[in-house]
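Colleague: everything below, folded, please.
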Amino acid sequence: MNKYYELLREKEYQKIKEEALVKDNLDFNYLIALISASFKTNEFVILYYYLTKTNFKKEIEEDGANYTNYAIIPYDYERLAFVLTNFSLGIIKEQRGQNVNHDYLNYRVMDLLNILFEIGYEEEFLNKIYYLLMSLD
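Modeller: The predicted structure follows:
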């Protein structure tokens, strides 16, 4: 098992977030763990810092927010990283103007799962993403 997923399992969310201070490249497994830790603590500042620091935010802004553009990206991890990053940046932007609670995040995750389904991800994978983002046990 990946060390970041082990930290998630142990609910060591702060340790996951602290790594954002030293990472300067896009690490897919870390991105998933950091998004999950952000959702579970409802704190997105470190996630935003990491995305900005790795310049991944810039890549998203240049390509736009059209999810259908991601369907043509040939590598699954890269495509998923783009979708999750764009999704996370949307949550961060929305959080600035309102109080984002667990119910709202649940709604947004369901929206994300719908997008991933439309792109072509299988149900088993969608269940895994839901668990990583929303499971509270």
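Colleague: residue 24 and residue 50, how far apart?
Modeller: Note on residue 24: its distance to residue 50, by C-beta to C-beta, to the nearest Å, is 9 Å. Any C-beta I mention is one placed from the backbone N, CA and C, and that applies to glycine too.
Colleague: ok, those two, which is more surrounded?
Modeller: More crowded of residue 24 and residue 50, by other C-beta atoms under 10 Å: residue 50, with 26 against 11.
Colleague: how far off centre is whichever strand or helix holds the more buried one?
Modeller: Using DSSP states H and E, residue 50 sits in helix 45-53. Centre-to-centre, helix 45-53 and its host chain are 11 Å apart (C-alpha atoms, centre = their mean, to the nearest Å).
Colleague: what sits up against it?
Modeller: Helix 45-53 is contacted from outside by 17, 20, 23-24, 31, 34-35, 38, 57, 85, 88-89, 92, using C-beta atoms under 8 Å, 6 or more residues apart in numbering.
Colleague: CA atoms only for that helix - export them in CSV, please.
Modeller: Listed next in CSV are the C-alpha coordinates belonging to helix 45-53 (Å, rounded to 0.1, in the frame of the first residue of the first chain):
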residue,chain,number,x,y,z
VAL,A,45,-5.6,26.0,1.9
ILE,A,46,-2.7,23.5,1.8
LEU,A,47,-4.2,21.8,-1.3
TYR,A,48,-4.3,25.2,-3.1
TYR,A,49,-0.7,25.9,-2.0
TYR,A,50,0.5,22.6,-3.4
LEU,A,51,-1.4,22.9,-6.7
THR,A,52,0.0,26.5,-7.1
LYS,A,53,3.5,25.5,-6.1
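Colleague: so which bits of it are buried?
Modeller: By neighbour count with 16 or more other C-beta atoms under 10 Å, helix 45-53 contains the buried residues 46, 47, 48, 50, 51.
Colleague: also stretch 115-135?
Modeller: 115, 116, 119, 121, 129, 130, 132, 133.
Colleague: before we move on, what about stretch 79-88?
Modeller: Buried, per 16+ other C-beta under 10 Å, within stretch 79-88: 79, 80, 81, 82, 83, 84, 85, 86, 87, 88.
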